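*Asks:* Structure, please.
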Amino acid sequence: MEVAERPRPAKRSLFTDPIPWLLLGLSLGLDQLTKALVVENLLRGESWPDEGFFRFTHAWNTGTAFSLFQDQSDILTWVSIGAVIALYFVYRSVDSPTIWVRMAFGLLIGGAFGNLIDRIRLGHVTDFIDVGPWPIFNIADSSIVVGIFVLFLFFWMNPSEDKSKKDQPDPEPSSPAPGNQQETG
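*Replies:* Next comes the predicted model:
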């Protein structure tokens with residue numbers, strides 16, 4: 001007798017799920033709006049206020065986070081495009097993603113697009129959030145960091161179903177219930 005397999009939950013498409021789109025739009029829109037305000041109101045290198053622990057400082061970043069790999073915008077543009085594509089496939093691989101995973105992917109993709117738009121349009125990323133000794137960053141960078149943090153917590157606190165299934169013995173085929181056995185002969 002065959003044991004009926006439990007149907008796998010349907011994978012949620014990124015294109016039909018409103019949660020990632022809402023977070024993507026919010027992070028991308030806020031990122032581009034704040035960068036436009038900074039470019040309009042501060043000269044490159046200018047800060048407001050002039051001194052203090054928290055300031056808005058107009059900076060250009062031709063590298064990655066923390067200003068690593070400066071003057072590598074061309075290759076970083078391609079890396080960003082690849083990252084967005086990879087994020088899509090990772091999202092598709094998660095069965096029945098929780099709202100936290102869906103929100104994280106919206107933030108990650110929105111942040112990646114925010115910086116990608118700058119790289120393609122300007123040849124650099126506009127950074128402006130200047131907090132103490134921390135490197136200057138922007139809303140897109142924050143979205144990416146928060147998205148990664150949420151995913152890390154999710155995968156750390158919720159081990160994969162496949163891993164838990166491997167640790168359990170295979171179920172034995174069930175025998176028919178008494179009285180339901182067919183007689184031969």
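*Asks:* how close does residue 34 sit to residue 25?
*Replies:* Distance, residue 34 to residue 25, by C-beta to C-beta, to the nearest Å: 15 Å. Using the backbone N, CA and C atoms, a C-beta is placed for each residue, glycine as well.
*Asks:* So the two - more neighbours on which side?
*Replies:* More crowded of residue 34 and residue 25, by other C-beta atoms under 10 Å: residue 34, with 18 against 13.
*Asks:* any idea whether the more buried one is helix, strand or coil?
*Replies:* Following DSSP: H, G, I helix; E, B strand; the rest coil, the label given to residue 34 is helix.
*Asks:* so what's it closest to, chain neighbours aside?
*Replies:* Spatial nearest neighbour of residue 34, chain neighbours left out: residue 139 (5.5 Å); criterion: C-beta to C-beta, 6 or more residues apart in numbering.
*Asks:* Quick check, central residue of the protein?
*Replies:* Compute the mean C-alpha point of the chain, and by C-alpha atoms, centre = their mean the closest residue is residue 108, 2.7 Å away.
*Asks:* Now for it: which residues touch it?
*Replies:* 87, 143-144, 147-148, 151 (C-beta atoms under 8 Å, 6 or more residues apart in numbering).
*Asks:* Just the buried positions in stretch 137-153, please.
*Replies:* Within stretch 137-153, the residues that count as buried by 16 or more other C-beta atoms under 10 Å are 137-144, 146-147, 150-151.
*Asks:* Point out the least confident member of those residues, please.
*Replies:* When the buried residues of stretch 137-153 are compared on pLDDT, residue 151 comes out lowest, with 87.
*Asks:* Backbone dihedrals for that residue, both of them.
*Replies:* Backbone geometry at residue 151, expressed as degrees, to the nearest 10, gives phi -60, psi -40.
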